[in-house]
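Chemist: with the input below, show me the fold.
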Amino acid sequence: MKLKRRNLYLEFIIGIIAIYVSVLILLFIFQRSLMYHPLENNYSGDRMEVEVEKVKIITSDNINLLGWFHKKDLKKFKTIVYFHGNAGTLENRIHKLNHFKDMDVNFLIIAWRGFSGNKGKPSEEGLYIDANSTILWLKKLGLTEKDIILYGESLGTGVATEIAQNKNYAGLILETPFTSMVEAAKNFYPYIPVSLLLKDKYDNQNKIKNINIPVLIMHGEVDQIVPFWMGKKIYEIANQPKYSHFTKFDDHMMEYDENLLFALKAFIKSLN
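Modeler: Alright, predicted model coming up:
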């Protein structure tokens, strides 16, 4: 009887281990489907109130990216390059882009590979290629790094931080940044060895140390996706000059209210 119980117990333990290992294998295989959501669409029907030109940016690995380009005056004003987050289409950002018309800026927002009808599959390396190809496209128009403000939203903060390292861009804006994708994933999967399984790590907390241009960091305290402490930590690590816009009631999608817009305008004005 004791031997039978022992065998049942052993079988139970082996079964639990087998299930756990199977979960790890599935997470490893499908992790990018969990990280990137190109088909998610929260577009609420906002109408574009600023004139944009649809442009095609060809990456160094020959993928065509859709971009929306607003040219107010390339010689007179800085150009914001907007890197969006891990979900949705360019239309999902119209409510933000509409506010740029009241600022003295040009802007270019691109859709990542695999998003908004673009070919290819998103990955950390792929998004870095997309971003660098976009900067090169702007440089061919005569812009220099000092003419460009990098703006990263959520996952896009990982891309903006990567390409801002040891560069001389006019400034860097990070909206709801995370410390690293490893720490962000641990927040959702505390019992999974994500540091061993994760392919796309986006290590913001180490890269921010290599950035010596003005930085504005924005984050809400009730963010349910990227904990507020992550944005605060990035701010603490960042080099001067640095500025923050922290709010008590914003969730992951920050409200473009008067206070946020004031912080954005003040930061952009300080770069001229």
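
Chemist: okay, CA-based contacts and neighbour counts for the rest of this
Modeler: Will do.

Chemist: what's the next secondary structure element after the worst-scoring helix or strand of the chain on mean pLDDT?
Modeler: Across the helices and strands of the chain, mean pLDDT, DSSP states H and E gives its lowest value to helix 2-35, namely a mean of 77. Downstream of helix 2-35, the next assigned helix or strand under DSSP states H and E is strand 53-58.

Chemist: just the C-alpha atoms of that next one, please, in CSV.
Modeler: Presented in CSV, the C-alpha positions along strand 53-58 are these (Å, rounded to 0.1, in the frame of the first residue of the first chain):
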residue,chain,number,x,y,z
GLU,A,53,1.4,62.4,-46.4
LYS,A,54,1.4,58.6,-46.7
VAL,A,55,5.0,57.6,-47.3
LYS,A,56,6.8,54.3,-48.0
ILE,A,57,10.0,53.6,-46.2
ILE,A,58,12.1,50.7,-47.5
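
Chemist: so what's the gap between it and the chain middle?
Modeler: Its chain's C-alpha centre and that of strand 53-58 lie 20 Å apart, by Cα atoms, centre = their mean, to the nearest Å.

Chemist: likewise for stretch 79-90?
Modeler: With Cα atoms, centre = their mean, you get 8 Å for stretch 79-90.

Chemist: for Thr247, which residues count as its bridge partners?
Modeler: Note on Thr247: beta-bridge partners Gly220, judged by DSSP bridges.

Chemist: give me the number of residues near it?
Modeler: 17 (other Cα atoms under 10 Å).

Chemist: does it touch Phe228 like I think?
Modeler: No: using Cα atoms under 8 Å, Thr247 makes no contact with Phe228, being 9.6 Å away.

Chemist: between these two, which contacts overlap?
Modeler: Residues touching both Thr247 and Phe228 (Cα atoms under 8 Å, 6 or more residues apart in numbering): 219-221.

Chemist: please report how far Tyr151 lies from Asn210.
Modeler: Per Cα to Cα, to the nearest Å, Tyr151 is found 17 Å from Asn210.

Chemist: neighbour-wise, which of those two wins?
Modeler: Remark: of Tyr151 and Asn210, Tyr151 carries more neighbours, 24 against 16, as counted by other Cα under 10 Å.

Chemist: my read is that one is in a strand, agree?
Modeler: Yes: when classified by DSSP: H, G, I helix; E, B strand; the rest coil, Tyr151 is found to be part of a strand.

Chemist: quick one: it and Ile173 touch, right?
Modeler: Yes: Tyr151 is within contact range of Ile173, at 4.6 Å (criterion: Cα under 8 Å).

Chemist: buried residues, stretch 213-233. List them.
Modeler: Within stretch 213-233, the residues that qualify as buried are 213-221, 223, 225-232, counting by 16 or more other Cα atoms under 10 Å.

Chemist: among these, which are in helices?
Modeler: Mapping these onto helices (DSSP state H) picks out 228-232.

Chemist: what's the closest of those residues to Asp147?
Modeler: Gly231 (25.8 Å; Cα to Cα).
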